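>>> Provided below are the primary sequence and the corresponding predicted coordinates.
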Amino acid sequence: MKGSSRKAASEGDEPEGLKGTVRIILFGPPGSGKGTQAESLCAEWGLPKISTGEILRDAIRIGSPTGAQARDFVDRGELVPDGLMTRIVEERLSQKDCAAGFVLDGFPRTIAQAETLEVFLRDRGDRIDAVASLRVEEEELVRRMADRGRDDDSEAVIRNRLEVYRRETEPLVLYFRECEKLIEIDGMGRAEDITERIRSAVADVRGMDASVARAKISDPRNEQCE
Ligand code: AMP
């Protein structure tokens, strides 16, 4: 499909290539390109991009109370406490523009965050459709982070963020796999090629929705997964 033939959805206008709502999580280590991919997919699908890192950086820049609470954690490459993150995301997801779906970039990052998100969505009769997990080699992650030169991208902080990822966030892969939501994406190579991989994987998942739902209903092990 050509870029020029895509258009962002406006009111009453369904995103091209998508039917109904789509709620996607972009998952992966720092530097894996989640933000870049979220940006492209949201522009294409006409969906809001919920990037928790960006929300926090904005809050820190304007000196809001949220920014003051988060600042030290972000500067050190540590995770901001779950309670604060969950409040931020639930507030954002409650806004009207998220009704037709959204792309989450950088959330959830802990099992507790994933569980709270699941309950929050379930209470509204919603659920996550798919988790696209970007796989990128460690050397490439470090190179990408060093290139972008953000304040929290000094060498020591980059190393800490990768460690925090392995310890606290990577276990989520198993959580999502159990819920049959995980789509593994090769995150190496050109950004456009990676976007295409995500696009077609998400289209596949959505095409399979009905049969997946039937399999889940007949399998009692999947009861806890929405
Ligand atoms: P990112 O832009 O996604 O790399 O996030 C930048 C920083 O914001 C991280 O290193 C964390 O300090 C913080 N952060 C972003 N999202 C979360 C989250 N879901 N949970 C905890 N901390 C987060």
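Arrived safely, thanks for sending. Numbering: from 1, shown residues only.

>>> so where's this protein uncertain?
By pLDDT under 70, the low-scoring segments of the chain are 1-20, 208-226.

>>> contacting residues for the residue in it that the ligand sits nearest to?
As assessed by Cβ to the nearest ligand atom, the ligand sits closest to Gly53 within the chain, at 1.9 Å. Yep, even glycine has a C-beta here, placed from its N, CA and C like the rest. Contact partners of Gly53, counting by Cβ atoms under 8 Å, 6 or more residues apart in numbering, are 35, 74, 105-106.

>>> Kindly report the same for Asp152.
The contact partners of Asp152, taken as Cβ under 8 Å, 6+ apart, are 74-75, 77, 161.

>>> any idea which helix or strand carries it?
Asp152 belongs to no helix or strand when assigned by DSSP states H and E.

>>> any idea how far it is from Glu44?
The spacing between Asp152 and Glu44, counted by Cβ to Cβ, to the nearest Å, is 28 Å.

>>> which bits of the protein sit near the ligand?
Residues of the chain lying close to the ligand by Cβ under 6 Å from any ligand atom are 30, 52-53, 56, 73-74, 77-80, 85, 106-109, 113, 152, 161.

>>> Let's see that with 5 Å instead.
Contacts of the chain with the ligand, taken as Cβ under 5 Å from any ligand atom, map to 30, 52-53, 56, 73-74, 79-80, 85, 106-107, 109.

>>> Nearest to Arg127, out of the residues you listed: which one, please.
Phe107 (15.5 Å; Cβ to Cβ).

>>> can I get the contacts of Gly53 in CSV with neighbour count and distance to Lys181?
Shown next, in CSV, are these (neighbours: other Cβ atoms under 10 Å; distance: Cβ to Cβ, whole Å):
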residue, neighbour count, distance to Lys181
Gly35, 17, 21
Val74, 21, 28
Asp105, 24, 16
Gly106, 23, 17
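
>>> Now the element after the helix or strand where the residue of the chain closest to the ligand lies, going C-ward?
Using DSSP H and E, Gly53 falls within helix 52-62. Where DSSP H and E defines the elements, the next helix or strand beyond helix 52-62 is helix 65-76.

>>> how about the strands in this protein?
Taking DSSP state E, the strands of the chain run over residues 22-27, 49-51, 101-105, 130-135, 182-186.

>>> What sits closest to Cys42 if chain neighbours are left out?
Using Cβ to Cβ, 6 or more residues apart in numbering and skipping the chain neighbours, the partner closest in space to Cys42 is Lys49 (4.1 Å).

>>> what bridges to that neighbour?
Residues in a beta bridge with Lys49, per DSSP bridges, are Val103.

>>> For Ser133, see how far away the closest residue to Ser51 other than its chain neighbours is.
If the residues on either side of it in the chain are set aside, Ser51 comes closest to Asp105, at 4.2 Å by Cβ to Cβ, 6+ apart. Look at Asp105 and Ser133: by Cβ to Cβ, they are 13 Å apart.
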